[in-house]
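J.: The following block contains a protein sequence and its predicted model.
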Amino acid sequence: EAGVAQSPRYKIIEKRQSVAFWCNPISGHATLYWYQQILGQGPKLLIQFQNNGVVDDSQLPKDRFSAERLKGVDSTLKIQPAKLEDSAVYLCASSPPWDRGRGTQYFGPGTRLLVL
Amino acid sequence: RKEVEQDPGPFNVPEGATVAFNCTYSNSASQSFFWYRQDCRKEPKLLMSVYSSGNEDGRFTAQLNRASQYISLLIRDSKLSDSATYLCVVNPDRGGADGLTFGKGTHLIIQP
C-alpha cells in the first residue's frame, strides 16, 4: 500500500515570498491533517479535513496560512507571505474512516521549509 | 502549562538495559493516548496505544494513570535500534476533531 505522498521534500525561500505544499493521502483515507514541526518540538496540528470539509482549523494562522482539499483527496497548504519563524517541517497525515479517535495517523515524509 | 509535557533528555542508556519515560497531560477530558516514535529526519510513526489497564507489545509496556494525568513507556532489553525520539501523544477528541497533541519528545540513545 502506498503511503502518504508529499512534495516538494525541501524548499528554501526568502521571507515575504509565497510557498505551497502538496499532499496526497493514502487511498480511501477520508481524514487529512497538516502539522507543523519546528526543530526540537513535537508536531503541532494546523488543520484537519474530513473529506473536503474543514473540521478544525483553530491553530492555523489564517492571516498567512491557507489550506484546501477541493475534491476530498489531495490537499494544498499555502503560506503567503512567509516569515522566518515559518521555517519548519510540514507534515501531512491521514487516517482511515474506521479509525476515528484511535490516533492511528499515517504521516508523510514532510516538506522541510527554510525561510531566509 | 503545556498540554503535554515530557523530559526531552537525552537519555543515554547501555544496550540491554531497561529505560522508562513518562509524560503528563493537562486536559483531563482527553480521550485517547499514544506513544509515537520518530527517527532522525523521519516522520512520526505510531508505536502503541496506551490504556488504563496497561498494555504490552513485546519489549514495550505502556501505562496510563488518568487520576494523575500521567502516561508512561517502559522499554526492556533495549536494542541499538531503539535509539529515537519518543513522542507522548494525546487525542483530546473534541467532538469530530481528533487532531493529535504531541509532546516535545524524549530523545533516547542506546549505547553499545
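T.: Perfect, thanks for sending it. Numbers count the residues shown, from 1 in each chain, chains lettered A, B, ... in the order given.

J.: closest point of chain B to chain A, which residue?
T.: Closest residue of chain B to chain A, C-beta to the nearest C-beta: B:Phe102 (3.1 Å). (Glycine included, C-beta is placed from N, CA and C.)

J.: Test my guess that that residue contacts A:Tyr33.
T.: No - B:Phe102 lies out of contact with A:Tyr33 (C-beta atoms under 8 Å); the separation is 11.7 Å.

J.: so where's chain B shaky on pLDDT?
T.: Low-confidence segments of chain B, defined by pLDDT under 70: B:1, B:93.

J.: which parts of it sit against chain A?
T.: Contact residues, chain B versus chain A (C-beta under 8 Å from any C-beta of the partner chain): B:4, B:8, B:31-34, B:42-46, B:49, B:87, B:89, B:91, B:93-94, B:96-105.

J.: Any of those buried? List them.
T.: Listed as buried from the residues of chain B next to chain A are B:4, B:32-34, B:43-44, B:46, B:49, B:87, B:89, B:91, B:93-94, B:97-105; burial here means 16 or more other C-beta atoms under 10 Å in any protein chain shown.

J.: Enumerate the beta-bridge partners assigned to the residue of chain B closest to chain A.
T.: Counting by DSSP bridges, B:Phe102 is bridged to B:Val89.

J.: residues touching the most centrally placed residue in chain A, list them.
T.: Nearest to the mean C-alpha position of chain A, counting by C-alpha atoms, centre = their mean, stands A:Trp34 at 2.7 Å. By C-beta atoms under 8 Å, 6 or more residues apart in numbering or on different chains, the contact list for A:Trp34 reads A:23, A:45-47, A:67, A:75, A:77, A:90-93.

J.: filter those by proximity to chain B?
T.: A:45, A:91.

J.: Return the closest of the contacts of A:Trp34 with respect to chain B.
T.: Distances from chain B to these, taken by C-beta to the nearest C-beta, are shortest for A:Leu45, at 3.6 Å.

J.: So that closest one belongs to a strand, correct?
T.: Yes - A:Leu45 forms part of a strand when assessed by DSSP: H, G, I helix; E, B strand; the rest coil.

J.: who touches the residue nearest to it when sequence neighbours are not counted in this structure?
T.: Spatial nearest neighbour of A:Leu45, excluding adjacent residues (C-beta to C-beta, 6 or more residues apart in numbering or on different chains): B:Gly99 at 3.6 Å. Shown in contact with B:Gly99 (C-beta under 8 Å, 6+ apart): A:33, A:35, A:45, A:48, A:56, B:91.

J.: Repeat that for B:Gln6.
T.: Contact analysis of B:Gln6 by C-beta under 8 Å, 6+ apart lists B:21-23, B:87-88, B:103-106.

J.: wait, which of these is closest to A:Gln41?
T.: Among those, B:Lys104 lies closest to A:Gln41 (C-beta to C-beta), at 5.6 Å.

J.: Next, the closest one: secondary structure please.
T.: Going by three-state DSSP: B:Lys104 is coil.

J.: how far is stretch A:62-71 from where the chain is centred?
T.: Averaging C-alpha coordinates over stretch A:62-71 and over its chain gives two centres that are 10 Å apart (C-alpha atoms, centre = their mean, to the nearest Å).

J.: If anything else comes up later, I'll come back, but that's it for now.
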